[in-house]
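# only geometry, no sequence info:
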Ligand SMILES: [Zn+2]
């Protein structure tokens, strides 16, 4: 089985006591590619350091929750970090109107500034959207994007929205929530878009798949996501894994 996790936070505190074991399990079971993601400037430094240590890739960026507290020179600092060859994307960046921990206008400003950085650096975007699909779409369809543009992480809208983002060139990040009994909407999206537009991810330590709900998520559990996707699309797990690794190479190089 080939496992690909395009969205992990292995440097977070919930992995501090056993990250070596967590990585070992993932690699032993077929883990071939992982992107470790930062959520602000300092956290992105940590994300990169952990990625390097285990031979993984990293993304650097400021999450919408953290956008109100960015240092003045945050773009320069992200640019500096992004020079590292292990940094394959700018993220996670985006808009989150569900928790609204930063004012909307600040979220938008910081989101757009980071898209401009990614476009200048020719690196794809890893985008976080929560209850803000309209505004994210409006921004993404009105600015210059990197080519390929990247991934909508933890995609949670319906098939119509999925097809609109795919038209802009994005892939969809599908994670543990596709295994939740009530989430017929996301399973419809998977069936509607097909394997060509899908990347697998965990968002660990968050969003565990059904068998581990209420517990810590980890990269190995992306296999439950892969199994569900191959089941929905009627292809073998081997074939789905190979294709998703190809997709990740297409987007992140
Ligand atoms: Zn995340």
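Structure's in. What do you need? Note that the coordinates shown come from a computational prediction; the quantities given were computed from them, not determined experimentally. Residues are numbered from 1 along each chain as shown.

# CA atoms for contacts and neighbours, from now on please.
Will do.

# point out where this protein drops to low pLDDT.
The chain contains no residues with pLDDT under 70.

# how about the strands of it, start to end?
Under the criterion DSSP state E, strands of the chain are mapped to 3-8, 31-37, 57-60, 87-96, 125-130, 150-153, 171-174, 198-200.

# flag every buried residue along the first one.
In terms of neighbour count (16 or more other C-alpha atoms under 10 Å), strand 3-8 has its buried residues at 3-8.

# now the angle from that strand to strand 87-96?
Relative orientation of strand 3-8 versus strand 87-96 (axes from the mean of the first three to the mean of the last three C-alpha atoms, to 10 degrees): 60 degrees.

# going forward, begin numbering at 162 instead of 1
All right, first residue 162 from here; so that's strand 164-169.

# contact partners of strand 164-169?
Strand 164-169 is touched from outside by 187, 190-198, 314, 334, 360-366, 379-381, 383-384, 387, 402, 405-406, 409, with contacts defined as C-alpha atoms under 8 Å, 6 or more residues apart in numbering.

# could you give the separation of it from the chain centroid?
8 Å (C-alpha atoms, centre = their mean, to the nearest Å).

# now the angle from it to strand 192-198?
0 degrees.

# comparing the strands of the chain, which comes out most buried?
strand 218-221 (a mean of 30; mean count of other C-alpha atoms under 10 Å).

# that older thread, and of the strands of the chain, who's closest to residue 278?
Closest to residue 278 of these, according to C-alpha to C-alpha: strand 248-257, at 8.2 Å.

# and the angle for the closest one with strand 286-291?
Strand 248-257 and strand 286-291 are oriented at 20 degrees to each other (the same axes, to 10 degrees).

# what's in contact with strand 248-257?
With C-alpha under 8 Å, 6+ apart as the test, strand 248-257 has contacts from 198-200, 209, 218-226, 242-243, 265, 268-269, 272, 275-276, 279, 284-293, 296-297, 413-414.

# residue 352 is nearest to which of the strands of the chain?
Of all the strands of the chain, strand 359-361 comes closest under C-alpha to C-alpha, at 10.5 Å.

# contacts for that closest one, please.
Strand 359-361 is contacted from outside by 165-167, 312, 332-336, 351, 383, 386-387, 405, 408-409, using C-alpha under 8 Å, 6+ apart.

# pull the contacting residues for residue 224.
199-201, 252-255, 289.

# re earlier: can you add distance to residue 237 and give the strands of the chain back as CSV?
Output for the strands of the chain, formatted as CSV (distance: least, C-alpha to C-alpha, whole Å):
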stretch, distance to residue 237
strand 164-169, 24
strand 192-198, 18
strand 218-221, 12
strand 248-257, 13
strand 286-291, 17
strand 311-314, 21
strand 332-335, 27
strand 359-361, 29
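
# so which of those strands comes closest to residue 231?
The nearest among the strands of the chain, by C-alpha to C-alpha, is strand 248-257 at 12.5 Å.

# any idea how far the closest one is from the chain center?
Offset of strand 248-257 from its chain centre (C-alpha atoms, centre = their mean): 8 Å.

# how about stretch 379-396?
16 Å.

# ok, residues contacting it?
164-166, 169, 183-184, 186-187, 190, 192, 335-337, 339-340, 348, 351-352, 355-356, 361-363, 365-366, 369-370, 397-398, 401-402.

# which of those fall in helices?
Among these, the ones falling in helices (DSSP state H) are 183-184, 186-187, 348, 351-352, 398, 401-402.

# could I have the buried ones of those residues as ChimeraX selection syntax?
Command for ChimeraX that selects the buried part of the ones in helices among the contacts of stretch 379-396, burial taken from 16+ other C-alpha under 10 Å:
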select :184,187,348,351,352,398,401,402
